[in-house]
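A.B. asks: Quick one, fold the following:
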Amino acid sequence: GSLTTASVFLSPIKTCFLLLLGGLMSKAAQEQQGSLYMWIDANQARILIGFEEDILIVSEGKMAPFTTDFRKAQQRMPAIPVNIQNVNFTWQATEQAEYFYEFQTLRSMDVDIMDNPTVNVPLMGSVPRRPSVVQVGFPCLGDQDGVAAFEVTILVMDAGGNIVLRTPHNAIFFKTCQRAKCPGGCRNGGFCNERQVCECQDGFYGPHCEKALCSPRCLNGGLCMSPGVCICPPGYYGDSCDKANCSITCLNGGTCFHPGKCICPAGYEGPRCGISKCLQPCRNGGKCTGKNKCKCDKGFHGDLCSKAVCEPSCGAHGTCVEPNKCLCKEGWHGRHCNKSEFSGLITLELWFNNTVIE
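C.D. replies: Numbering: from 1, shown residues only. Model prediction:
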């Protein structure tokens, strides 16, 4: 459905979810036009609050009106139910705008009931240019029944360092946990079967379904956070973190494989593949393939590709100066320098002499 602004008449539990995701915007940031968007998609909204429609939390860098009622809402805010293990929201920076975020606090105040909240993105980074899901998880330990208090604090700033949104200071949320039949509990939608073993959703595995499966696997230190979704370390990007975000340009056909580092083709070396291994440059289009070793274009040969190839050869009376082009010695001619200018004179002289004798 189309993005809508949530009604101010949302119930306390609904407001709890929205405030957990949205936070509050600073007074200074309200005056500026931005292109930051944050919303709950329809599928997540159906799970959380019962109706299937996208809910817009931040639009053009401005918060939805319902977020200004946090203090009042917090007083009557119920705990997040047992059946909700995580909350997803989607964000995006459009056009050329840059926004930077930081999860400043992810803390459980009842660590014997619930571990610290988790997020599926690095704790610091930039808001992506395409819609991306951020998942906040509530990892109940499953050792006992109870309600855990926790803090989730997020700060978002624009490129100028102005605070665009942040969770209110000292905002406390609550999560209901219960003793799990499977020790340690089943995560990511897994359930505990009658044998007290976790059966995992597609894309997850492990004793507690705590591990995601990425195929192909995440490279260069990337972390598989959900099926097929890799979180890449700084300097890498791509579905499998297989591409390096290079600040330099690799020369002579080199390939960037690590930030600031190049894989050089044979015959070149150096940080940018700018240094040839051939002390003297290869000539006539030849390419350096190793230490003082050239690979020559067709028609040339020699250590530096400086010698032309003539087939057949120019013989003893000529020199190959270009591919299949002979320079003949004085007194010789022909394509392969195999014809003498004197042979005709000798034949003519012999014929003349024979004629005279007869």
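
A.B. asks: who's Q92 bridged to?
C.D. replies: In this entry, Q92 is beta-bridged to Y37, by DSSP bridges.

A.B. asks: Can you classify D112 by secondary structure?
C.D. replies: Assigned with DSSP: H, G, I helix; E, B strand; the rest coil, D112 falls in the coil class.

A.B. asks: Could I get the pLDDT score of it?
C.D. replies: The per-residue pLDDT reported for D112 equals 90.

A.B. asks: how close does it get to A148?
C.D. replies: The gap separating D112 from A148 is 9 Å, by CB to CB, to the nearest Å. Yep, even glycine has a C-beta here, placed from its N, CA and C like the rest.

A.B. asks: ok, the two, which is more surrounded?
C.D. replies: More neighbours surround A148 than the other of D112 and A148, with 24 against 11 (other CB atoms under 10 Å).

A.B. asks: Direction included, what does the host helix or strand of V134 pair up with?
C.D. replies: For V134, the host element (DSSP states H and E) is strand 132-137. Under the criterion DSSP bridges, strand 132-137 sits next to strand 86-93 (antiparallel), strand 118-119 (antiparallel) in its sheet.

A.B. asks: For Q44, which of those strands is the nearest?
C.D. replies: strand 86-93 (4.8 Å; CB to CB).

A.B. asks: how about the very next helix or strand once past the closest one: buried residues?
C.D. replies: Next along the chain after strand 86-93, taking DSSP H and E as the criterion, comes strand 99-108. Neighbour counts over strand 99-108 (16 or more other CB atoms under 10 Å) mark Y99, F100, Y101, F103, T105, L106, S108 as buried.

A.B. asks: distance of the second one from V164?
C.D. replies: Distance from F100 to V164, counting by CB to CB: 9 Å.

A.B. asks: Residues in contact with both of the two, list them for me.
C.D. replies: Contact criterion CB atoms under 8 Å, 6 or more residues apart in numbering; residues shared by F100 and V164: V156, M157, D158.

A.B. asks: V164 is in contact with the last one, correct?
C.D. replies: Read that as D158. Yes - with contact defined as CB atoms under 8 Å, D158 reaches V164; the gap is 5.6 Å.

A.B. asks: Any stretches of the stretch 51-200 of the chain with poor pLDDT?
C.D. replies: Counting by pLDDT under 70, the stretch 51-200 of the chain has low-confidence residues at 51, 61, 63-78, 169-170, 180.

A.B. asks: can you give me the strands in it?
C.D. replies: Secondary structure of the stretch 51-200 of the chain (DSSP state E, counting those that start in this stretch): strands located at 55-59, 62-63, 86-93, 99-108, 118-119, 124-126, 132-137, 146-158, 163-166, 173-177, 191-192, 198-199.

A.B. asks: do you know which of those lies nearest C337?
C.D. replies: Using CB to CB, the nearest of the strands of the stretch 51-200 of the chain to C337 is strand 124-126, at 70.6 Å.

A.B. asks: other SSEs contacting that closest one?
C.D. replies: The contact analysis (3 or more CB pairs under 8 Å, 6 or more residues apart in numbering; DSSP states H and E) places strand 124-126 against strand 99-108.

A.B. asks: how far is the strand it packs on from where the chain is centred?
C.D. replies: When distances are taken as CA atoms, centre = their mean, to the nearest Å, strand 99-108 is centred 22 Å away from the chain's centroid.

A.B. asks: contacting residues around that strand?
C.D. replies: In contact with strand 99-108 (CB under 8 Å, 6+ apart) are residues 34, 36, 93, 114-119, 123-127, 148-159, 164.

A.B. asks: my guess is C320 contacts S313, does it?
C.D. replies: Yes - if you go by CB under 8 Å, C320 and S313 touch, sitting 7.0 Å apart.
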